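Enquirer: Model the structure of this input:
(chains A, B and C)
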Amino acid sequence: MSDSDKRTISLPVLGEVSRRTALKAGGATLGLAAFAAAVSPLAGLRGRLSAQELMQRHYKELSADDKAKIFERLENEAKERYGADVKIKDPKAIPGVRYGYAINLSVCNGNGACMEACHRENNHDRSTNQSYIRVFEMPIGTTDFKHGDSTYTHDVPREGKYYLPVQCFQCENPPCVDVCPVEATWQEEDGIVVVDYNWCIGCRYCQAACPYHARRFNWKEPQIPAEEVNPDQGYLSNRIRPAGVVEKCHFCLHRTREGRQPACLEACPTGARIFGNLLDPESEIRTVLRTKRVFVLKEELGARPTLFYFFD
Amino acid sequence: MMRGRVLIPIVVLAALLLSIGLVRFMTSAGASPRSEFLAATMSTEAVPDETPRWLVEISLPDGRPRVVTDRVDSMGRAVTVSCASCHSNFDANTARRSSDEPPMAFHQGLTFQHGNLSCVTCHNPDDYNALRLADGTRIEYRDVMLSCAQCHAPQARDYERGLHGGMTGFWDRTKGPQKRKSCIDCHDPHAPKFPSMTPTFKPLDRFLEPTGPGD
Amino acid sequence: MAIQAQQARPGHLVSYPRFLWRSLVMATDGSLAFYAWMTMLTAVALVGANAWANQVVDGMIVTNMTDHVSWGLYIANFTFMVGVAAGGVMMVIPGYLYRNKEMHDVVIIGELLAIAAIVMCLLFVTVDLGRPDRFWHLIPGLGRFNFPISMLTWDVIVLNGYLLLNLHICGYLLYIRYLGKKPEPRWYVPFVMISIVWAVSIHTVTAFLFSGLGGRPFWKSALLAPQFLASAFVAGPAFLILTMFVLRRVGVAISDRPIQLLVQIIRVTVLINLLMLGSKLFTEFYAGGSYTKHTTYLFFGWEGHNALVPWIWTAIALNLIAAVLFLLPAAMRSARVVAIACVLAFVGLWIEKGMGLIVPGFVPSTLSEMVEYVPNLTEWQVSAGIWAFGLMIYTVALKIAIPIMRGEERFIPPAESDPAETIHDPPADQPHAGEAPVTDQTQADPPESDSGGESGRGP
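Expert: Presented below is the predicted three-dimensional model:
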């Protein structure tokens, strides 16, 4: 070994080089080439990831001008990738409004129309039937989800069962917001916890922190046929999400901040859902809180959900 | 002049604070004890504003009470006839009750499962184009919810408060109208139990099969 | 004296690049076995890089993680490697704090392990990100750093801080030794002291990542951080003992004393770890209740789902056997017993503090849905790739560090050196200190009696 080290070979330009150095250089070149080949699939990102998107600032740091440009870019992307003409808006929280939701479990019959309405309204991936709502069939006499089932397909309602739709509760003290390392998710003035889909790094810590399975991760790019894309889109709500980011129920803020009801409420054929402004004493939601015995899930955790359940 | 300019905002501010305090006092005086999570949301009451509100549109029945017959028209639609078209000529069997065996020939398509009522509990035997209340007061068909409310008071109360029956449109009626259904849109008055439904949509989010890559 | 010597020498502008160059040369020189080892690691690392590249392009759908089990093998490995990184401190404490001379001679092995392990940790977090292209959002100043609210930002700080601390300590010591000088305590002893506290913090903060989640009863335990530390102080020293055995095999003389000291440390920590495990199991199972379902799932399966049951019992068995072996008197004499015990303990804890800790936190889900998780090929490839890369770093670092620390590699001022010498690369595992021109400094500080900063600090 030691002898061969001292042997030299002659190379053009470089001149006399020890054989070992030459071998090392060759090995390093080979290694680099192999590395380049190994990560070559990354070239597939070209055209899918623009420089503007890479450099985009956090939502709260964007000027009106920035936003206009970004919305336009996103609208173009929706046209390119989904063939859909969409309009992205950014309605602001209405001053003096804090949203509350209530679900009458005596009335809910588990038909799941809310899940489907959410799926369509919010441009969820079609193949996974993604939805922010999950409806559980529970035996009467318990609120322990251990006995629940979200996969039932039989006719509803069934004797001895009640039905419990679960979605984001827009907690007053949201554990998911605290854990986010990059402030990609926050609570708005009206209580809605939103996600900046262009800032989220996809670490999924918020999914681990949520006690209610309210958050979803985009494991892949959502697939939606052009004609099914909902063109009425909000930047912080139902615009088509990129892959690799977390999303969640936003109480349909693109609707509710215009005074309209959320999609799941309108779709409910049983009238089990009641939505409104918690700060308005005359509102339906306040009437529920005043006249019904409401409860929230896992109250002991202290997250203080603003979606309430009641039986009447 | 200067003093006037300074005074006006102060007076306005004082009035505002006073009215807020008053409203808070009034709303808190009658309030029942609340749990912690509710108290927090309600600590900042908004002052009820006087913005005009849109109306609530309720889909009330119009025309006359009709009944589905066993006939279909040339388009395959069920033929309905108004109750009065027959019962103006002959009296109904007022003794018949919901729990009895299927009704007579012409009503064979009709499911009648509504407590222990008889037809004339709601239908007005003096005028089958109208209804009647328990005390015999005649009411128009479009006021059918009054009839329902006689027995279903809690539901009627909740309906009135917007807690029963659902709605579409605007939660904020300063921005747009609300649409509500009437009782008989969801509950067939002859068989008011909400029908059984088949769930059409289930989550398929890589649910119980974590093994296959890429599925 | 040191200052005078420095003045007589060429400046750092000459010697530091030379140090880096020599490091590169040493790192790439070795026996056939070394090349085979590095080639194998490179191959595995490349497979991992390729799998990761595909994951970035196709989305995380190519892993087996789901909305129900949203963290898997990557975070499991991350958590475990934090422990290994922290475990290196068990050489640093006796080496520096108690001035154990023999430990001090080999303490760099532990510090370099910390570097390699932290690099692996950072890589494991990176491959777990859905949007690695937005990594910069995490950089304070550039992005939006949710400090001090988010525990993950604490983790970013402590892990990178620990990496920098160890890079500085190792880099400084190696460079100074390469120059043939005595390290000045003020340039590294304070950092060593900080790194001891810091080592505890990295694993505590990582445990707080989990135990701070109120909605996950499996993790929400005050015992989690102490448990992490106890297991770290088994797994880390176990790996270091194995490293020293391997080094002996390739011809590096290492005395029995540091190994015996580490065995003695493990004898304590392995029992503490088992005690805490038992304590946790008692608390979970004696009273029962709905929060026990995760532990039940882990140990006994739940409603017919038992993917983790074989894993955890394997881990328990390995840990118990390892504990017994460590406690045997033979552990102080027989290298074989210690080696076996170390392997068993390392693998056992990798399961227990990896998959056995992360996955049951998610199963059943917060809404008690039963979705199991077993890593798929992509995740194994990526993880193996990171392990291979980490081992490459560790191997190379040791390859550079050991000859320098033993005084077998010294700076040759350019004037004195023959140009041909620059490409004269002796195999690192063959001591040849005598060949290097010896300066006054190296004579005053011969490798045999070298004990680093302590001798300089002593009265």
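Enquirer: okay, now residue C:359: neighbour count?
Expert: 27 (other CB atoms under 10 Å in any protein chain shown). C-betas here are computed from N, CA, C, even on glycine.
Enquirer: brain fart, residue A:126
Expert: Taking other CB under 10 Å as the criterion, the count of residues near residue A:126 is 15.
Enquirer: now do the one 5 residues further on
Expert: By other CB under 10 Å, 28 other residues sit near residue A:131.
Enquirer: and it, what does it touch?
Expert: By CB atoms under 8 Å, 6 or more residues apart in numbering or on different chains, residue A:131 lies in contact with A:115-116, A:118-119, A:122, A:124, B:201, B:203.
Enquirer: Export these to TSV and append columns for secondary structure.
Expert: TSV is the format used below for these (DSSP: H, G, I helix; E, B strand; the rest coil):
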residue	secondary structure
A:115	helix
A:116	helix
A:118	helix
A:119	helix
A:122	coil
A:124	coil
B:201	coil
B:203	coil
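Enquirer: For the chain, which residues score under the pLDDT cut-off?
Expert: Here I'm looking at chain A. Where chain A drops to pLDDT under 70, the residues are A:1-17.
Enquirer: right idea, wrong chain: chain C
Expert: For chain C, the ranges with pLDDT under 70 are C:1-10, C:414-459.
Enquirer: Those residues of it touching chain B, which are they?
Expert: C:58, C:61-64, C:66-67, C:69, C:370-374, C:376-378 (CB under 8 Å from any CB of the partner chain).
Enquirer: so which of the residues you listed are also by chain A?
Expert: Among the residues of chain C next to chain B, chain A is touched by C:58, C:61, C:66-67 when using CB under 8 Å from any CB.
Enquirer: from the residues you listed, which would you call buried?
Expert: Buried members of those, scored by 16 or more other CB atoms under 10 Å in any protein chain shown, are C:58, C:61, C:66-67.
Enquirer: Identify those among those that sit within helices.
Expert: Cross-referencing these against helices under DSSP state H gives residue C:58.
Enquirer: Relative to residue C:163, which of the buried ones among the ones next to chain A among the residues of chain C next to chain B is nearest.
Expert: Using CB to CB, residue C:58 is the member of these that lies nearest residue C:163, at 30.5 Å.
Enquirer: wait, doesn't that closest one sit right on residue A:221?
Expert: No: using CB atoms under 8 Å, residue C:58 is not in contact with residue A:221; the gap is 9.2 Å.
Enquirer: separation between the nearest residue to residue C:187 once chain neighbours are set aside and chain A?
Expert: Spatial nearest neighbour of residue C:187, excluding adjacent residues (CB to CB, 6 or more residues apart in numbering or on different chains): residue C:172 at 5.7 Å. From residue C:172 across to chain A, the span is 27 Å (CB to the nearest CB, to the nearest Å).
Enquirer: What of residue C:136?
Expert: Note on residue C:136: its distance to chain A, by CB to the nearest CB, is 9 Å.
Enquirer: Give the burial count for that residue, as a bare number.
Expert: Neighbourhood size, residue C:136 [other CB under 10 Å]: 12.
Enquirer: Find the centremost residue of chain B, please.
Expert: Here the mean C-alpha position of chain B is nearest to the C-alpha of residue B:165 (CA atoms, centre = their mean), at a distance of 4.2 Å.
Enquirer: Please enumerate the helices of chain B.
Expert: B:2-29, B:36-42, B:83-87, B:119-122, B:144-151, B:153-160, B:183-186.
Enquirer: And the stretch 1-150 of chain A, by the same measure?
Expert: A:2-6, A:19-38, A:51-55, A:64-82, A:113-121 (DSSP state H, counting those that start in this stretch).
Enquirer: Any idea which of these gets closest to chain C?
Expert: helix A:19-38 (4.0 Å; CB to the nearest CB).
Enquirer: near chain C at all, that closest one?
Expert: Yes: applying CB under 8 Å from any CB, one finds helix A:19-38 in contact with chain C at A:20-21, A:24, A:27-28, A:31, A:34-35, A:37-38.
Enquirer: Now do residue C:400 against residue C:241, distance only.
Expert: From residue C:400 across to residue C:241, the span is 21 Å (CB to CB, to the nearest Å).
Enquirer: and if you look at residue A:71?
Expert: Counting by CB to CB, the gap from residue A:71 to residue C:241 is 59 Å.
Enquirer: Residue A:200 now?
Expert: 42 Å.
Enquirer: now swap in residue C:48 and tell me
Expert: 27 Å.
Enquirer: how's chain B carved up into domains?
Expert: As given by automatic domain parsing, the domain ranges for chain B are B:2-27+B:35-48, B:58-186.
Enquirer: sorry, back to before: and the ones next to chain A among the residues of chain C next to chain B, which is closest to residue B:128?
Expert: Using CB to CB, those come closest to residue B:128 at residue C:67, 57.6 Å.
Enquirer: how about that closest one, what does it touch?
Expert: Contacts for residue C:67 (CB under 8 Å, 6+ apart) come out as A:207, A:213, A:215-217, B:205-206.
Enquirer: ok, back up a step: just the buried ones among the ones next to chain A among the residues of chain C next to chain B now: which is nearest residue C:164?
Expert: Nearest to residue C:164 among those: residue C:58, at 34.5 Å, using CB to CB.
Enquirer: Ramachandran angles for the residue nearest to that closest one when sequence neighbours are not counted?
Expert: Counting by CB to CB, 6+ apart, the nearest residue to residue C:58 once its immediate chain neighbours are dropped is residue A:220, at 7.0 Å. Per-residue torsions, residue A:220: phi -150, psi 180 (degrees, to the nearest 10).
Enquirer: Residue A:220 contacts residue C:57, doesn't it?
Expert: No: look at residue A:220 against residue C:57 with CB under 8 Å: they stay out of range, at 10.6 Å.
Enquirer: hmm, back to that, also within reach of chain C: list those from the contacts of residue C:67.
Expert: A:207, A:213, A:215-217, B:205-206.
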